[in-house]
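> Test case, fold it:
(chains A, B, C and D)
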Number of protein chains: 2
Amino acid sequence: MSMPIKKLKPIDNLTQVDKIEIRLEEFLKHENFNPGDPLPKEIEIAQALGVSRTAVREAISRFRMLGIIESRKNRGMVITRPDVLNNMERLMDPKLLDGETMKDIFEMRLVIELGLGEILFLRKTPESLSKLEEIIEKEDKTTNRIDRLKYDIEFHSMLYQISGNNTIMRFQKMLMPIFDYVDSGLKSRQKPNSENKRATHRDLLEELKHGTPSGFRNQMQSHLWYFIEKI
Amino acid sequence: MSMPIKKLKPIDNLTQVDKIEIRLEEFLKHENFNPGDPLPKEIEIAQALGVSRTAVREAISRFRMLGIIESRKNRGMVITRPDVLNNMERLMDPKLLDGETMKDIFEMRLVIELGLGEILFLRKTPESLSKLEEIIEKEDKTTNRIDRLKYDIEFHSMLYQISGNNTIMRFQKMLMPIFDYVDSGLKSRQKPNSENKRATHRDLLEELKHGTPSGFRNQMQSHLWYFIEKI
DNA sequence: TCTGTATATATGTCATACATATTACAATAA
DNA sequence: TTATTGTAATATGTATGACATATATACAGA
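Sure thing, here's the model as predicted:
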């Protein structure tokens, strides 16, 4: 008969560097560090923790990767404001992500676009509306398929720009490759003839000019229907 | 009179490790590495690049941080599927971010919630609706302010759960601290009496049960009005 | 005031040795 | 044979000491 082996929890499997990382994070929070504040020297940290400078450097390089620590020769290290999206951008590669996550991202792009109406009505200006107008006109004139796609993207990008929300704009931009990848792999559930009433860019613009947020949301839903019904 | 000094771009200010990182990224893409594939040994990489193992390790530790490389003793290193949100979560700290970004995030949370309607109608089930029902009932019974807040959060969390989109759910969860922080710092533009017609959780549920996506979007807009008018 | 020089300093890089966990396989006992 | 245990090989993890390099500071000279 064997021992009740399940009771035996595995011991700390953290590497030295992991532990240092944890300690440093505690240290930063506890000492209430703010962007711009200088950090102790590498050697001092190593000595204080009783570890080698090598290990400290590896731990610190992780924070550098996150963007919350910067270091320059002789100046030492300082706390910096991280760029929230910077790291995420590097991971937006269809080869790296799993299907489930990519599907999630596909939906997320749609969700954001559908939810954008409210903010657009708050931020729209005559100038921005006329820019949308320009894009639509260029779109109407062209027959080239590739150009139409270009203007399509331009139109939606302009909407984000009008939102004045830089984070959302960047977020959308980095979602794009995944969105396109998923889109090209999904089949429509409906017959092609169901797209008869799809709202156009002009419909959206007219709604944005003279309509209501509620109306705009509905138009956008109609406009994106082609994608939504793929979900 | 000064030179047109702005035209003078700074020379390569990349560290050795930066260069190694770039080379490795090229290598990974060019050789078409996929999750699960093993990487060459550290020493081999170092020799191939003509640099020290230390530098290679620092570069690789960055990829480990991103979550696209994992390494175990003797097993060597392998490409792994990164967790897209993992790094971002660590940065969601009001002390680290600047006001602009936090405002963006505040809006983003609202945008997502406003755009969620469509997907909810696609994914709702009798079971999930009755769970919402339960939460509302508990909410109605309580008079405690803190409990009401708890059920409020629970209700909205349940909506995300119904969406079936794990990425959005996690995303929202990590946006929360920033959202609350910004919210507590913003003042309402309107007089308090303007909230007379605010849609309740029950309104949302009824709409979700018997209404339409369009109706739900409007109800949600009304429900979140308190926040929206703070934008 | 500006420019060049010297020096001190903290990070960046390197070479080397050893520690440690994991694998594969041989050795041993049942 | 079968299962457990020991052992060597291996790749990553850690430590140490040395040197390289960029930057700040101070000071000298024009």
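
> can we go C-alpha only for contacts and neighbour counts from here?
Will do.

> Please identify which helix or strand holds A:Glu118.
Secondary-structure element containing A:Glu118, defined by DSSP states H and E: helix A:117-123.

> which of the residues in that helix are buried?
By 16 or more other CA atoms under 10 Å in any protein chain shown, the buried positions in helix A:117-123 come out as A:117-121.

> Over to stretch A:69-78?
Under the neighbour-count criterion of 16+ other CA under 10 Å, stretch A:69-78 has A:69-71, A:77-78 buried.

> So what touches stretch A:114-134?
A:155, A:158-159, A:162-164, A:205, A:208-209, A:212-214, A:216-217, A:220-221, B:110-116 (CA atoms under 8 Å, 6 or more residues apart in numbering or on different chains).

> Give me the buried entries from those.
A:155, A:158-159, A:162-164, A:205, A:208-209, A:213-214, A:216-217, A:220-221, B:110-116.

> and those residues near DNA strand C, which?
Under the cut-off given by CA under 7 Å from any atom of the strand, DNA strand C has nothing from the buried ones among the contacts of stretch A:114-134 close to it.

> Now, those residues that are in helices?
Among the buried ones among the contacts of stretch A:114-134, DSSP state H puts A:155, A:158-159, A:162-163, A:205, A:208-209, A:213-214, A:216-217, A:220-221, B:110-115 in helices.

> Tell me which helix or strand the most centrally placed residue in chain A sits in.
The residue lying closest to the centre of chain A (CA atoms, centre = their mean) is A:Phe171, at 3.3 Å. Element membership for A:Phe171, per DSSP H and E: helix A:166-185.

> Quick one: check that helix for contact with chain B.
Yes. Interface with chain B: helix A:166-185 contributes A:166-168 (CA under 8 Å from any CA of the partner chain).

> Could you measure from the nearest residue to A:Ser214 once chain neighbours are set aside over to A:Gly67?
Spatially, and ignoring its direct neighbours in sequence, A:Ser214 is nearest to B:Asn218 (6.3 Å; CA to CA, 6 or more residues apart in numbering or on different chains). Plainly put, B:Asn218 is 40 Å away from A:Gly67 if you go by CA to CA, to the nearest Å.

> Those two - which one has more neighbours?
Shown here are B:Asn218 and A:Gly67; by other CA atoms under 10 Å in any protein chain shown, B:Asn218 has more neighbours (22 against 18).

> give me the low-pLDDT residue ranges for chain A?
Scanning chain A for pLDDT under 70 picks out the ranges A:1-12, A:188-196.

> ok so A:Ile105 is a helix residue?
Yes. According to DSSP: H, G, I helix; E, B strand; the rest coil, A:Ile105 belongs to a helix.

> Quickly note the distance from it to B:Tyr151.
Here the criterion is CA to CA. By it, A:Ile105 lies 28 Å from B:Tyr151.

> Now whichever residue of chain A sits closest to DNA strand D: phi and psi?
Nearest to DNA strand D, among the residues of chain A, is A:Gln16, at 2.9 Å (CA to the nearest atom of the strand). Dihedral pair for A:Gln16: phi -50, psi -50, per degrees, to the nearest 10.

> Spatially nearest residue to it, not counting backbone neighbours?
A:Ala55 (7.2 Å).

> Can you verify my assumption that the one you found contacts A:Val17?
Yes. Between A:Ala55 and A:Val17 there is a contact under CA atoms under 8 Å: 5.6 Å.

> Need the three-state assignment for the nearest residue to A:Leu91 once chain neighbours are set aside.
Spatial nearest neighbour of A:Leu91, excluding adjacent residues (CA to CA, 6+ apart): B:Val84 at 6.5 Å. What three-state DSSP gives for B:Val84 is coil.
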